[in-house]
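Novice: Could you work out the structure for the sequence below:
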Amino acid sequence: MQFDQKKTDDLKLNPKYQNLLKWGLDNGVIIKDVDLPAAFGELTGVVATQDIPANTAIICVPQTLIISQEKCKLSSLSIVYDKHPELFNENQTSDAEFNILIFYLFNEKKKGEQSFFYPYIQAIQTNNTLIDWTKEELSYIEDPIVLDEFAIVNEDIKTLWNYAQDIFNEFNQIFGEVKPTDKQDFYWAAQSVMSRSFGWSLKSTSMIPIADFLNHSNKACTHYFVHSKVEKLEQERFQAKKNRRNNQDSNSDLEDLENMEDSFIRLVQEYYKIKGNKINLSALKIQQDESQIKQFEDSKKTFILHHQEYLTENQLKNLDNLENLSNEDKRSMINWINYEKMKQKPEVNLWDLGFVTSSDSEDNDSDEDIELARNKQLESVKQKELIEWKVKIKEDKQKQGINQQEIKIEQQIVEQNQELDNQQNQGDNTDSENILTICLNNEKKNQVTIQGMAMQQIQTQQIQTLKQNQQQIIEQDEQQDKESEREDSEESNWEWLEENDQDAYFCITTTEPIKQHEQVTVSYGRRTNRFLLSWYGFTLPENKYSSFNFRLWLNTQISKEKMQSQQQIFDTITINKLISSKEWDTGIIKFNGYEIPVSSITKEFRIKKNKLNMDLIMYLRLYLMLYKVQEKDVYITIPVSVDYEVFVMQFCIQLLQHYLNSYSQELAQDIKELDTQISFSRRFALHINKERKEILINQVMILLEAIIILKKYQESNDLKQSYISEIHNNVHYKMEILRGLKGYLKSIHEFL
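Specialist: Coordinates of the predicted model:
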């Protein structure tokens, strides 16, 4: 949305914003090169008052204004927190930090003008999370998992309110007499903490006045904790060392600085991570050598400049104006470069190309430990299947009497590895891993080195039934609040930070250049629209982290039930609900008239817009073997035949079409309605409905392209020509589709 100066002028007349800014500035908040409030259509946010470079601190909030868990515990509510550890002790509940902040914020609101935070509390708008939506508004959301997640959040707050009423009566000397507005104010506090608190890379979850008035986006600022006194000292020390090297003031500069350091500064420097080499801290009046500050690099621009020999004459004319081109235009140029590189260089394949960035970026709404465990498990399956596949190739060769000498040599390699394994078992280093090198395709001379158990140990029976593989793909990944982002500048030890340290600041910092009159936003994390809607009550029109999520029932009896239609099959195996913690505990969910063991349900598939979902393909390879094809020698991780791969993808398309058909209106209607004047709730619901359909449609287009390529490859036995032959008709679109097939086509190249 565009900046609206007239609406901004009206907003600035609102006393609540005037009081907030005066209170903040009077208490040490520093605002540089930005202004608030600012209007962007119907949204209120923060605007850049001039062009701002990347890596620049623009809003600095002193520690003294931050409402942290530690500050709450030092308040009059400490007795409340101590008396009820079931609500406020992090060792007893994972919601402790949120609960501590909610009760504190409620109490401050109840104090009215007597609260130090009154100007801040008055400026916080009435919340618009899903809790405030009507039943009709909630019905706009056609994703049952979002509604299931919201139902859990809503129930948790109801339960907390029930506890709160008893606590308010128990400690009426602290919370005062009961008022008719208590429930409304408590829900306001709960929603404020849900939607406005900061947690990532902080000592604890905190409310940070003024900083929380920035809206969220994927192209956004980040934040750092900065100790201004230490940063100034570090810059002075750096300059003194530089002067000494240049023989300037060498007698006393460094010695004087060392004498300035007291024990606290030494403690801070031991644990605190210097930020002055990363960001411009001129807002804090810290003089820096700008050459030492981390410089912003546009990776798309760099890629284009390094490969300009592949550009057309018209494209070359735009090189001087690259900074002003949109990301979409630069992406088109990158796709052209990659296409020309494949055309001009026979040795370059699709999977060798660098696409710079990708809209299939992963979110951080999933459990990182579970994802790592899943990847490790999948790699183990792949290793076993690679060896089983190689053994089968050998057996086929033996039956045909082909390349007997090669088989003999390969057998010697296997025997040598077994002998090595025996030697290691007899030695001291029993934990060492053997290395087995196998040739995937003798004609292509490609080899894979596998680290793992010896051949004799890992030859297992081929996976014949779905039941044997269930435990390898079942995971619980519904823990939506775990952060996975990390920065090398993130603090890991907070012993240096004191609650009322006037030199410590929470600094909102740009990550890339921002143009004058652009909205300045901050990232809440790599959040999907599903998470944003459930927790914050809003969505982004375009969210690169979003995905279409679903589970399937590993129903091995379905082929025996002789279902009349594919629709019946899809209605049976698709699980469109959130599995609750109670269901995980009991091991049973009830869905569509079935009592389904949790152990027979897949992990949650997450389909991204521009990338073939290999997890789903691998699952369907195995599932369809039992359902219809009865194909022998099917592997999860390895394609075994073009015909079977085409069959799997055709079934996958029909499955995705089943999900598309579940929506009440088509994508074109969503797009048309979004161009009209509609309520925020309807708009946010349409955003998530629309993106789901776009993801499904794009995945279908990727699958259709894969089928075309596979059939061409079957006829010509030339994989590269099969996927490159029609790109020239629409380079940007085709390259975007092919980008999603990089990994899959590489596996076709290796195994077929």
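
Novice: Tell me where the protein is predicted with low confidence.
Specialist: 247-269, 355-492, 556, 558-564, 626-633 (pLDDT under 70).

Novice: biggest helix in it, by residue count?
Specialist: Looking across the chain with DSSP state H, the single longest helix is helix 680-716.

Novice: Could you give me the buried positions within the helix or strand that that one is followed by?
Specialist: Once the chain leaves helix 680-716, the next helix or strand it forms, by DSSP states H and E, is helix 719-724. By 16 or more other Cβ atoms under 10 Å, the buried positions in helix 719-724 come out as Leu719, Lys720, Ser722, Tyr723, Ile724. For every residue, glycine as well, the C-beta is placed using N, CA and C.

Novice: Next: stretch 94-103.
Specialist: Ala96, Glu97, Phe98, Asn99, Ile100, Leu101, Ile102, Phe103.

Novice: Reformat these as JSON lines; add distance to Lys746.
Specialist: Putting the buried residues of stretch 94-103 into JSON lines (distance: Cβ to Cβ, whole Å) gives the following:
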{"residue": "Ala96", "distance to Lys746": "47"}
{"residue": "Glu97", "distance to Lys746": "45"}
{"residue": "Phe98", "distance to Lys746": "45"}
{"residue": "Asn99", "distance to Lys746": "49"}
{"residue": "Ile100", "distance to Lys746": "50"}
{"residue": "Leu101", "distance to Lys746": "48"}
{"residue": "Ile102", "distance to Lys746": "50"}
{"residue": "Phe103", "distance to Lys746": "55"}
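
Novice: returning to that earlier point: list the buried residues of the longest helix of the chain.
Specialist: 681, 683-696, 698-703, 705-707, 709-710, 712-713.

Novice: Please work out which residues outside stretch 114-126 touch it.
Specialist: By Cβ atoms under 8 Å, 6 or more residues apart in numbering, the residues outside stretch 114-126 that reach it are 16-17, 19-20, 22-24, 44, 67, 105, 108-109, 111-112, 132, 188, 192, 196, 209-210, 213.

Novice: which of those residues are buried?
Specialist: 16-17, 20, 23-24, 44, 67, 105, 108-109, 188, 192, 196, 209-210, 213.

Novice: Can you tell me which of the residues you listed is closest to Asn730?
Specialist: Thr44 (41.2 Å; Cβ to Cβ).

Novice: contacting residues around the host helix or strand of that closest one?
Specialist: Remark: Thr44 resides in strand 43-48, with elements defined by DSSP H and E. Residues outside strand 43-48 that contact it (Cβ under 8 Å, 6+ apart) are 1, 3, 8, 11, 33-38, 40, 59, 125, 213-215, 514-521.

Novice: one more time with 6 Å, if that's ok
Specialist: 3, 34-38, 214-215, 514, 516, 518-520 (Cβ atoms under 6 Å, 6 or more residues apart in numbering).

Novice: Tally up the residues packed near Gly41, please.
Specialist: The criterion is other Cβ atoms under 10 Å. On that basis, Gly41 has 10 neighbouring residues.

Novice: do Arg245 as well
Specialist: So Arg245, with other Cβ under 10 Å, has 9 neighbours.

Novice: which of the buried ones among the contacts of stretch 114-126 sit farthest apart?
Specialist: Of all pairs in these, the most separated under Cβ to Cβ is Thr44 and Glu108 at 22.4 Å.

Novice: about what we covered before: tabulate the contacts of strand 43-48 in JSON lines, adding columns for distance to Gln568 and secondary structure.
Specialist: JSON lines is the format used below for those (distance: Cβ to Cβ, whole Å; DSSP: H, G, I helix; E, B strand; the rest coil):
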{"residue": "Phe3", "distance to Gln568": "54", "secondary structure": "strand"}
{"residue": "Val34", "distance to Gln568": "57", "secondary structure": "strand"}
{"residue": "Asp35", "distance to Gln568": "59", "secondary structure": "strand"}
{"residue": "Leu36", "distance to Gln568": "56", "secondary structure": "strand"}
{"residue": "Pro37", "distance to Gln568": "55", "secondary structure": "strand"}
{"residue": "Ala38", "distance to Gln568": "54", "secondary structure": "strand"}
{"residue": "Leu214", "distance to Gln568": "50", "secondary structure": "coil"}
{"residue": "Asn215", "distance to Gln568": "45", "secondary structure": "coil"}
{"residue": "Ile514", "distance to Gln568": "54", "secondary structure": "strand"}
{"residue": "Gln516", "distance to Gln568": "59", "secondary structure": "coil"}
{"residue": "Glu518", "distance to Gln568": "52", "secondary structure": "coil"}
{"residue": "Gln519", "distance to Gln568": "49", "secondary structure": "strand"}
{"residue": "Val520", "distance to Gln568": "52", "secondary structure": "strand"}
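
Novice: That's all I had, so thanks and see you.
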